[in-house]
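Enquirer: here is my input, please return the structure:
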Amino acid sequence: MTIISGYRMAAECARNALLKRVVDNKENAEKFKSDLMKIAMTTLSSKILSQDKEHFAQLAVDAVMRLKGSTNLEAIQIIKKPGGSLKDSFLDEGFILDKKIGLGQPKRIENAKILVANTAMDTDKVKIYGARVRVDSMSKVAEIEGAEKEKMREKVQKIIAHGINCFVNRQLIYNFPEELFADAGILAIEHADFDGIERLALVTGGEIASTFDNPESVKLGHCKLIEEIMIGEDKLIHFSGVEMGQACTIVLRGASHHVLDEGERSLHDALCVLSQTVNDTRVLLGGGWPEMVMAKEVDELARKTPGKKSHAIEAFSRALVAIPTIIADNAGLDSADLVAQIRAEHHKEGCSAGIDVISGSVGDMAERGISESFKVKQAVLLSATEAAEMILRVDEIITCAPRRREDRM
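Expert: Here you go, the predicted structure:
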């Protein structure tokens, strides 16, 4: 309990040290956007997108600013299209579905009413395992096929009765129902992946339907324009003016699928940090600066604290210094020398020194534009302290006897 009590005192002291030095530019939109750009570039600096970090930081900031304070990243869709370079990536307003428009169907629809569905649109067959239908002539087979077609026609008529001009289905749409939709002037999109239709239903304000007997209970999606667009050599369907105004799509271009997958992961990290920063606008400097500030304050607390607790607080301070040490080691720099230099710098008033891994020396983090979100830094500090507490509270560890290997000779 003595160690845990010391850790708690140290965590509180470290948090207060950060609170004294946070910068909040919530009132100044221009400065706040600049803070977001710095955080995004700091996040992307260690990843595959570091060569074009300004471009991708701008994409991420613009996408998050469209959310207007929401942390729902479902409204930001990322589409990966091989070809071109990473710098060709762009942000598009609205929603893009990675599908083609079928033959004989309208290529452009204005003021669209969209029914998003997950239903079987193949020819209805007897779907009972082991069931057989025996007939004694080919005319009877034709009757069965006619009955199947009639059943599908009724289903299509029920869908058309909803007053829609766009039908998006999770499953396949066979030729016959597709022909009926084309005759009615309805754009039918088949085999949209489940993630795609869930997001489409969210951004257009609709719901996924599977039965069509009660049109009044089905919630349709709406958008101002549906059209076919080209990205590289591929045709896609673009929904603009969607109900959820903050929805947007980031189209990633790159040389290969591996580059695109890594690029998506990097961009997602930046989007997560930025969406949290928009909610809590407080910002700190980065590059190991916050840890050195906390370590200095915690060290001073250890000297003032009597008893065994001071040893726990001192250990907490050493643990904080491990972060700048790891930053230096990961960059292949002399961590012992750099950490000693930073510690000396931090004894000066108003110091903003941190590790600049590009030049391999101690640099001014404010000048370099290296920033981090206070909310993320606070979450790291408190969750690490809680994890250490939980491990310390374990009284005994019961190990199971190893399972005997069976002889299979």
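Enquirer: how far off centre is stretch 330-340?
Expert: Remark: stretch 330-340 is offset 33 Å from the chain centroid, using Cα atoms, centre = their mean, to the nearest Å.
Enquirer: cool, stretch 169-185 as well?
Expert: Stretch 169-185 has its C-alpha centroid displaced from the chain centroid by 33 Å (Cα atoms, centre = their mean).
Enquirer: could you do stretch 355-375 as well?
Expert: 25 Å.
Enquirer: CA atoms only: put it into PDB for me.
Expert: The C-alpha trace of stretch 355-375 is given here as PDB (Å, rounded to 0.1, in the frame of the first residue of the first chain):
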ATOM      1  CA  ILE A 355      14.700  15.500 -28.500                       C
ATOM      2  CA  ASP A 356      15.000  16.400 -32.200                       C
ATOM      3  CA  VAL A 357      15.500  13.000 -33.800                       C
ATOM      4  CA  ILE A 358      16.000  14.600 -37.300                       C
ATOM      5  CA  SER A 359      19.100  16.600 -36.300                       C
ATOM      6  CA  GLY A 360      20.100  14.100 -33.500                       C
ATOM      7  CA  SER A 361      20.400  16.800 -30.800                       C
ATOM      8  CA  VAL A 362      18.400  18.700 -28.200                       C
ATOM      9  CA  GLY A 363      16.000  21.200 -29.900                       C
ATOM     10  CA  ASP A 364      13.300  23.700 -29.100                       C
ATOM     11  CA  MET A 365      10.000  21.800 -29.500                       C
ATOM     12  CA  ALA A 366       8.000  25.100 -30.000                       C
ATOM     13  CA  GLU A 367      10.300  26.100 -32.900                       C
ATOM     14  CA  ARG A 368      10.200  22.700 -34.500                       C
ATOM     15  CA  GLY A 369       6.400  22.500 -34.200                       C
ATOM     16  CA  ILE A 370       6.300  19.200 -32.400                       C
ATOM     17  CA  SER A 371       3.100  19.000 -30.400                       C
ATOM     18  CA  GLU A 372       0.900  16.300 -28.700                       C
ATOM     19  CA  SER A 373      -2.600  16.200 -27.400                       C
ATOM     20  CA  PHE A 374      -3.000  16.800 -23.600                       C
ATOM     21  CA  LYS A 375      -5.900  14.300 -23.500                       C
END
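Enquirer: quick check: mean pLDDT of that stretch?
Expert: Stretch 355-375 shows a mean pLDDT of 87.
Enquirer: buried sites along that stretch?
Expert: By 16 or more other Cβ atoms under 10 Å, the buried positions in stretch 355-375 come out as 355-357, 362-365, 368, 370-375. C-beta coordinates here come from the backbone N, C-alpha and C atoms, glycine included.
Enquirer: sounds good, over and out.
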